[in-house]
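**Q** pasted the sequence and its predicted model underneath.
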Amino acid sequence: MDYSISAKDRVMFRYFLNDTPQRGSASGSPLDRGWLAELPTRAQNATLDYTRVFTPTLLNDAKISYVRSAFGTKVGKVLSLTQLGLPVNDANSVTQYGMVPQSSVAVSGYFTADPGLAVRDIMPTTDFSDTLSWVHGRHTLQFGVEVFKNRVNQIANWLTDGTIT
């Protein structure tokens, strides 16, 4: 969206959203596709830009952007070892010890089934920039500042899922 406030002032706003559902590959598992991990990805981007023309040779452009990327793995069909009749301690990979529902199962020579480890990454990024452009004769000079803040929030339990062979 573009809006001209006056002949010297202009504002621009943009918002972008992209949800991308994905699935892991089957790799020979005899189990149905409900076992497979989902790999959801969501990207969002919002930008606000303000441009001010002071004179025909002096222009200022200020911009703030926010980008948020979220992606990860959701475990598909949950495997409960106690439902299989095995005397093990079913656990939650966040709060308890024991075999977790994300455990992989392998029968030598037949198949390996691994629902994947539940992981979630959320990366919010904020960017502010301000640029002053000055045209003097055959030269263009630009002065500015940029402040960039990036963060990665990851929720995961690395190597807590166990393997049954």
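**A** Right, received. Where do you want to start?

**Q** which other helices and strands contact the longest strand along the chain?
**A** Scanning the chain for the longest strand, with DSSP state E as the assignment, gives strand 119-136. With contacts taken as 3 or more C-beta pairs under 8 Å, 6 or more residues apart in numbering; DSSP states H and E, strand 119-136 sits against strand 58-73, strand 139-150, strand 153-156. Glycine gets a C-beta too; all of them are placed from N, C-alpha and C.

**Q** note down every partner strand of that strand and its orientation.
**A** strand 58-73 (antiparallel), strand 139-150 (antiparallel), strand 153-156 (antiparallel) (DSSP bridges).

**Q** nearest to residue 108, of those strands?
**A** Residue 108 lies closest to strand 58-73 among these, at 25.8 Å (C-beta to C-beta).

**Q** only the buried residues of that closest one, if you could.
**A** 59-63, 65-67, 69-73 (16 or more other C-beta atoms under 10 Å).

**Q** show me which pair in those residues is furthest apart.
**A** Maximum distance among the buried residues of strand 58-73 (C-beta to C-beta): 46.5 Å, for 59 and 73.

**Q** for residue 7, which three-state class applies?
**A** coil (DSSP: H, G, I helix; E, B strand; the rest coil).

**Q** next one: it from residue 69, what distance?
**A** For residue 7, the distance to residue 69 equals 38 Å [C-beta to C-beta, to the nearest Å].

**Q** got the contact list for the host helix or strand of residue 14?
**A** Secondary structure from DSSP states H and E places residue 14 in strand 9-20. With contact meaning C-beta atoms under 8 Å, 6 or more residues apart in numbering, strand 9-20 is reached by 1-5, 40-53.

**Q** rerun that using 6 Å as the cut-off
**A** Strand 9-20 is contacted by residues 1-4, 41-52 when judged by C-beta atoms under 6 Å, 6 or more residues apart in numbering.

**Q** okay, who's weakest in those residues by pLDDT?
**A** The lowest pLDDT within the contacts of strand 9-20 belongs to residue 41, with 81.

**Q** next up, the contacts around it.
**A** Residue 41 sits in contact with 20, 71, where contact means C-beta under 6 Å, 6+ apart.

**Q** cool, and the one 4 residues further on?
**A** Shown here is residue 45, whose contacts under the criterion C-beta under 6 Å, 6+ apart are 16, 67.

**Q** roughly how far does it sit from residue 106?
**A** 42 Å.

**Q** now residue 63
**A** Taken as C-beta to C-beta, the span from residue 63 to residue 106 is 52 Å.

**Q** report the beta-bridge partners for the closest residue to residue 63 other than its chain neighbours.
**A** Leaving out its chain neighbours, the residue that sits closest to residue 63 by C-beta to C-beta, 6 or more residues apart in numbering is residue 49, at 4.5 Å. Beta-bridge partners for residue 49, by DSSP bridges, are residue 12, residue 63.
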